[in-house]
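Asks: Just the structure for this:
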Amino acid sequence: MTARFILSLDCEGKWGVADHLTPGDHAALSDARLREAYAGILAVLAEFDIAATFAFVGAFSLSADRLSALRPALADLARELPGYLEPALEDMAGGTREGWTGDWAVDAVAEARQPHELGLHGATHIPWTWPGMTPDLARRELGLLFAERAPILQRTTTYIFPRNAGDHPGVLNEFGIAGLRATRTFPNRIASLASEFNLFERPEGVPPPALPLSIPAGYFVNWRSGGRKLVPPALSRLRARNLLERAARTGEVVHYWTHPENIASAPATLDVLRGILAEVARLRDAGRCEVLTQDAWCRRIDPGHVAASEARRDALLAG
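Replies: Just a heads-up that it's a prediction; the model follows:
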């Protein structure tokens, strides 16, 4: 048996916190801090020769010019779904104007030596469980990217729900999204934090059949911020080692995920990620662990569905 390992990154810039921006967010998610975080992640992945899935918020993946062209449509969407996008539009118009465009990050990922995957983490990061969000409005939000023919869509096969809040998966099928990272929820933040101390946690098996294809939900790379600073990095590494060793005996899956923005706001988080990847590389080099991206997972599970989804996506982009 061999373990199967996936690493996914929810790439958001400021879009992930647009509805509750604070002065701390503006400082931590400046363009300079974001560039440093993405460079650090790519360097660690290169160090261990590990490919990952970088799932970008569609608006964040755009250049400044493309995002500027999209702003009237974003303002219209904000009127339909109030409470999320207004602070973003205000900051782009007359505030810091930083943290909203990450086309440079998309380019860096695409140009890396490792064959990283470019996925999608929503169009604007409005959760599809947001009050008033209907299937039609979900289509409209995702459709903004297709109308703009966002370059990232040409390579996108998998999706991660913003804030792990999932609804309307059928809309993703309509737009040619082949795979979706499953959601893993906790009753509260204390329970989530407590899970970091669970050294006996089990790896995941293949999720039940679903369309889009279901990708195992995974485990959070501990964010070295606030109360999570209480979790020693050595413990996080030991937890990952135990998960991987169990998966190597059973053939199950260990999927870790984080936000590059967590590393921008708390750089010590990169050391936690490095420790996890060191354990992955150790087992991989011993022939006991296979590294996959979300896209590779889906192609392994159902290559025909992925091909049909790509054809549907390409037809929408061509039309």
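Asks: What lies in contact with the worst-scoring helix or strand of the chain on mean pLDDT?
Replies: Ranked by mean pLDDT, DSSP states H and E, the weakest helix or strand in the chain is helix 189-195, scoring a mean of 84. When contacts are defined by CB atoms under 8 Å, 6 or more residues apart in numbering, helix 189-195 is touched by residues 186, 201, 219-220, 227-228, 230-231. (C-beta placed from N, C-alpha, C; glycine too.)
Asks: Over to stretch 122-132?
Replies: 12, 15-16, 18, 57-59, 74, 77, 80-85, 133, 138, 141-142, 144-145, 159-163, 165-168.
Asks: Show me those that map onto strands.
Replies: Mapping those onto strands (DSSP state E) picks out Y159.
Asks: Please pick the buried ones from the contacts of stretch 122-132.
Replies: Among the contacts of stretch 122-132, the ones that count as buried by 16 or more other CB atoms under 10 Å are 12, 15-16, 18, 57-59, 74, 77, 81, 84-85, 133, 138, 141-142, 144-145, 159-163, 166, 168.
Asks: What about those, which are in helices?
Replies: Using DSSP state H, the members of the buried ones among the contacts of stretch 122-132 that fall in helices are 74, 77, 138, 141-142, 144-145.
Asks: Dump the residues you listed to TSV, plus pLDDT and distance to A123.
Replies: Shown next, in TSV, are those (pLDDT from 0 to 100; distance: CB to CB, whole Å):
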residue	pLDDT	distance to A123
L74	98	10
L77	98	9
A138	98	9
E141	98	5
L142	98	5
L144	97	6
L145	97	5
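Asks: Show me which pair in those is furthest apart.
Replies: Spanning the widest gap among these are L74 and A138, at 15.3 Å by CB to CB.
Asks: In terms of helices and strands, where is S8?
Replies: strand 3-11 (DSSP states H and E).
Asks: What average pLDDT does that strand get?
Replies: If you average the pLDDT over strand 3-11, you get 98.
Asks: Equivalent analysis for stretch 262-273, please.
Replies: Stretch 262-273 shows a mean pLDDT of 98 in the predicted model.
Asks: Give me the residues contacting it.
Replies: Taking CB under 8 Å, 6+ apart as the rule, stretch 262-273 contacts 24-25, 28-29, 33-34, 36-37, 40-41, 44, 221-225, 233, 236-237, 256, 258.
Asks: Now list the buried members of those.
Replies: Using 16+ other CB under 10 Å as the burial test, these include 25, 28-29, 33-34, 36-37, 40-41, 44, 221-224, 233, 236-237, 256, 258 as buried.
Asks: Sort out which of those residues are in strands and list them.
Replies: 256, 258.
Asks: My read is that L243 contacts Y219, right?
Replies: Yes - using CB atoms under 8 Å, L243 is in contact with Y219, at 7.2 Å.
Asks: the more surrounded of these two?
Replies: L243 (27 against 23; other CB atoms under 10 Å).
Asks: how near is S214 to F161?
Replies: As judged by CB to CB, to the nearest Å, S214 and F161 stand 12 Å apart.
Asks: Spit out the residues that contact these two alike.
Replies: Common neighbours of S214 and F161, counting by CB under 8 Å, 6+ apart, are L180.
Asks: how many neighbours does the nearest residue to G251 once chain neighbours are set aside have?
Replies: In this structure, G251 finds its nearest non-sequential neighbour in M1, 4.3 Å apart by CB to CB, 6 or more residues apart in numbering. For M1, the neighbour count with other CB under 10 Å is 10.
Asks: can you check T129 too?
Replies: 14.
Asks: Then A210?
Replies: Number of residues near A210 (other CB under 10 Å) recorded here: 12.
Asks: Verify the stated contact: it with P169.
Replies: Yes - applying CB under 8 Å as the test, A210 and P169 come out as touching, 7.5 Å apart.
Asks: Overlap in contacts, those two.
Replies: Common contacts of A210 and P169 (CB under 8 Å, 6+ apart): L180.
Asks: list the contacts for N222?
Replies: Counting by CB under 8 Å, 6+ apart, N222 touches 196, 228, 231, 233, 236, 269, 272.
Asks: Which residue is the nearest non-sequential neighbour of the fourth one?
Replies: Going back to what we said before, that points to P233. The nearest residue in space to P233 (CB to CB, 6+ apart) is V272, at 5.2 Å.
Asks: Assign the one you found to helix, strand or coil.
Replies: helix (DSSP: H, G, I helix; E, B strand; the rest coil).
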